[in-house]
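Q: got a sequence here, can you model it:
(2 chains)
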Amino acid sequence: MNSYKHIKGGYHGRLLRIDLTSRTIKKEDISEELVRDYVGGRGLGIKLLLEETPARIDPLGPENKFYYLTGPFNGTGATTSSRFSAVTKSPLTGTVGGCNSGGHFGLVLKSTGYDVIAIEGVSQAPCYIFVDGDNVEIRSAKHLWGLSIPETTETLLAETNPKAAVSCIGPGGEQQLLLACIINDKHHALGRGGLGAVLGSKKLKALVVSGDKKTPIANEEKVNDVKKRWQSFIGEAPLTKDVLKEYGTPALVKTINAYGGYPTKNFQEGVFNDVDSTSPETLKELYHEKPEPCRGCTIGCAHLTKTSTRRGKGPEFETLWSMGALCNINDFETIIHANYNCNELGIDTISAGSTIAMAMELSERGLLDEESKRLINETLGRELRFGDAEALLKLSELMGKGEGIGKYLGNGTKWFAKKCGHPEFAMQVKGLELPAYDARAFTAMGLTYSTSNRGGCHLRSYIIGPEGIATPFAIDRFSKTGKARIVKLYQDNTAMIDSLGVCLFTSFALNPDLYAELLGAVIGVDIPSEEFLKIGERIWNIERIYNNREGFTSKDDTLPNRIINEPFKSGHSKNRKIDLEALVKEYYNLRGWTSEGIPTTRKLKELGII
Amino acid sequence: MAQFLPNRQPLVDIPKDELVALIKGFTPEKLATFIDVTDLKADTQEPKIRKMADWAKTYDCASVCVNPVEAADIMPELLKGSNVKNCYVIDFPLGKLDIESKAKQTEHVVKRNREIRGEGKGKMELDMVINVGRFKRDHKYALEEINAVCNAADGELVKVIVRSSELTEEEVWAVSEIVAESNAQFIKNSTGMDAFGALPDHMWIMRQVVGSEKGVKASGGVADAMTAMRCMWAAANDKSLQNPNKFRFGSSGPLNIISSMGWLLQNTEAWVDAGIIPCLICPYHHVSKHRVELREYSNKRCGTCKHKAYRIHKDF
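A: Numbers count the residues shown, from 1 in each chain, chains lettered A, B, ... in the order given. Next comes the predicted model:
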């Protein structure tokens, strides 16, 4: 570890910089101030991206940089602490593109002895990077180009080190489709925002890591004590105790549907009448093969699944929804296969399902452009309609491969709706397809989506906890009062969780005090929870500054017209509307931003950003 | 003291300032001291018993509340030397033993716990269930059975479970008066296995009737800090009542309460402002397990409620 003055654990203090254009490799120190102010993972990533890339660059051009980042909790043995982050400019949204993923890649990445791997430039030919502790190589990936995720992973483990970990792209990423994701450990995705396309644009097929460096810990005894208490809370909270272990994330399907907030047929309805066909019980009974949690995780939501012909992981709740209810499809096995298609070929399942659902609606309404209509007819031999499971399977494959109509659908709803001349049918915010909790049923989710720094995302403040599943306690899902403040609290706290290197699901059992306590013990500097949340606020604001710099304004903090102006006609959220304008206004005030959504100088000084 | 008023609006709108002030006066650690850590399931086994004792001692909870069989097992030993009391339920969950049997069960449990714990009087509590059916037609019988258990308890603290979800509002007032008149120290709303658990309206009525001399215990569904604090506001908003001798809540999930209190203290005003759909804390909403006469009674109350729009669309 670098000899920091105050911080005595959690970091190696080193950044590995790899320029694919010049094929140079540099090892740099990370300053104490940087980790003190931005922690690691997502926070450190946005700080580096903002400082190291010029404004308004092409996300798929050579100037964009891609950061793999760990956090101070990786390697400490804290439950769920295998998560790592990736940060770049998103080609799908043009905003900051940030994701984090589980599996075991994050732990191995940390054990290389680098906290950050920064990838720059563009390789002339397909390549992959092998970081084996201090030994770093850029190797040819010509033999890997075109291979699926499982094929790539197996090949790379065989030719590097069977104990290494692999993060790679599939054909979707190679073709720079805007929905391309990156998959590590065969099944775990840096899913949203098209990050796979950035690696594809750099002709980087994979990052393979291997190492044996231990994460330094400042106060081992205290860390062990806090970890034990973490585990006692996680072992007893309703969701983390056994629900997620038993059913995985699909446990939520029937709950959200019962609220009338489970978007169906491209958000035209809020109740999926065939929900029992795609229930978590059915998934468990018919398709679960065995649990396969991320390394070191005691929540254990992940399961290997199998059908009569294929094996894989998932589908997760959001995928089950986007390929099920959203497309009005109740054929579980086909949904699972479409999920496998996306994971094996490397595209985001949420956005893929959402884009197919939108295409179904456009087709039924006769609004597809002529070329798309022709390509779909050539592929399916018929018009595309809601409920067509066979079409879902075929289109998901074409999207992953970037073939036929797939090369268009693979760019997401915003892009495809624009091609058809009907942007109003794209259910997205800032270009990112919306998740499975309808804002007409869950008010704070609406504010979450509209203000999320990476577009319509539920994971930047998982406010469905209190609004939908009484975690940490139930609040009125329709009320407006208090919601802006709670969303801010959740956004700031989540920015920290994503920067520490643990799973968001820990927040079903833990509170900010408990995260702050463990951070203090790991790094050897006490962090009161107020300071902890202040760092989260700093991260949130610097992400906002980045988006403002890239041209985003208050006009982008909105929701699709359908969500704002078309109440549901049935279900337990019928006739409900969200007053988004008032919520956003209150939110800006709370954030200390101008009415245009720009952080004020006063706020930036308060947060130590300037 | 308030009095029973027919068709009174149930207590679902809690004054924000009072609730915020109450919450801010607590820490997770302080709130923990009001908890009776509870597990009354039929299939509870030793590892859980040990875990409960560990939690209660770690967080200085008021008691560990279990079935009477545990008095003759390891529970008294586990709590020995701590401030945490052993708590046992008597004639649980139906309250359908005759008075003599109730008293005998009490005597036996008291004897066994004292023998094993070996720390004399004052280290245990008893949560007895009244015979609700008999109470409905014979109030004197209810008083008699409560006092019989109190006598058998030989000075140990007795809480009276009245299964308020099976009572009309008028009956909740009436049973609270009986407990007030009895030798018991606490009134408690629920077994946790009844139609609904702790709701502010019933907790409020109980406090109105028993006054400051006796304690009120909220149980059933108290799974998080906000639910606990709403009940405390209803039954113990006065500072003089904010101690474990005057207010308790039973919970099988104490750690969730403690952790969620950490969230509640982060921007308390916002959480309180966000509110809750009123039906979810209203005694007239939870009707599915009721007898038909109580269902009709509840439906009638809903019909005159200012929040009835929620119920029409079942938006909860």
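
Q: residues from the stretch 151-300 of chain A in reach of chain B?
A: The stretch 151-300 of chain A comes close to chain B at residues A:232-233, A:236-238, as judged by CB under 8 Å from any CB of the partner chain. The C-beta positions use only the backbone N, C-alpha and C, and glycine is treated the same way.

Q: what does the stretch 1-150 of chain B have sitting close to chain A?
A: residue B:55.

Q: all strands of the stretch 1-150 of chain B, in order?
A: Using DSSP state E, counting those that start in this stretch, the strands of the stretch 1-150 of chain B run over residues B:35-38, B:63-66, B:85-90, B:124-129.

Q: ok, residues contacting the first one?
A: It stands for strand B:35-38. Residues from elsewhere that reach strand B:35-38, judged by CB atoms under 8 Å, 6 or more residues apart in numbering or on different chains: B:52, B:55-56, B:59, B:61-66, B:87, B:125, B:192, B:217, B:219, B:248-252, B:254, B:257.

Q: at 7 Å instead, please
A: Identification of contacts with strand B:35-38 by CB atoms under 7 Å, 6 or more residues apart in numbering or on different chains yields B:52, B:55-56, B:61-65, B:87, B:248-252, B:254, B:257.

Q: can I get the strands of the stretch 1-150 of chain B in CSV with mean pLDDT?
A: Shown next, in CSV, are the strands of the stretch 1-150 of chain B (pLDDT from 0 to 100):
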stretch, mean pLDDT
strand B:35-38, 98
strand B:63-66, 98
strand B:85-90, 98
strand B:124-129, 98
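
Q: format those as JSON lines; extra columns: distance to residue A:57 and mean neighbour count.
A: Output for the strands of the stretch 1-150 of chain B, formatted as JSON lines (distance: least, CB to CB, whole Å; neighbours: other CB atoms under 10 Å in any protein chain shown):
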{"stretch": "strand B:35-38", "distance to residue A:57": "56", "mean neighbour count": "26"}
{"stretch": "strand B:63-66", "distance to residue A:57": "62", "mean neighbour count": "28"}
{"stretch": "strand B:85-90", "distance to residue A:57": "66", "mean neighbour count": "27"}
{"stretch": "strand B:124-129", "distance to residue A:57": "68", "mean neighbour count": "26"}
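
Q: before we move on, back to that, for the contacts of strand B:35-38, work out which two are farthest apart.
A: B:87 and B:257 (16.9 Å; CB to CB).

Q: residues in contact with residue A:377?
A: residue A:383.

Q: following the helix or strand hosting residue A:379, which helix or strand comes up?
A: Residue A:379 belongs to helix A:370-380 when assigned by DSSP states H and E. Where DSSP H and E defines the elements, the next helix or strand beyond helix A:370-380 is helix A:389-401.

Q: now do that following helix, average pLDDT.
A: Per-residue pLDDT over helix A:389-401 has a mean of 98.

Q: got the CA positions of that helix in CSV?
A: The C-alpha trace of helix A:389-401 is given here as CSV (Å, rounded to 0.1, in the frame of the first residue of the first chain):
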residue,chain,number,x,y,z
ALA,A,389,-42.7,-15.5,-27.8
GLU,A,390,-41.0,-17.0,-30.8
ALA,A,391,-40.3,-13.4,-32.0
LEU,A,392,-38.7,-12.5,-28.7
LEU,A,393,-36.3,-15.4,-28.9
LYS,A,394,-35.3,-14.7,-32.5
LEU,A,395,-35.0,-10.9,-32.1
SER,A,396,-32.9,-11.2,-28.9
GLU,A,397,-30.5,-13.4,-30.9
LEU,A,398,-30.3,-11.0,-33.8
MET,A,399,-29.8,-8.1,-31.5
GLY,A,400,-26.9,-9.8,-29.8
LYS,A,401,-25.3,-10.6,-33.1
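
Q: great, nothing more from me.
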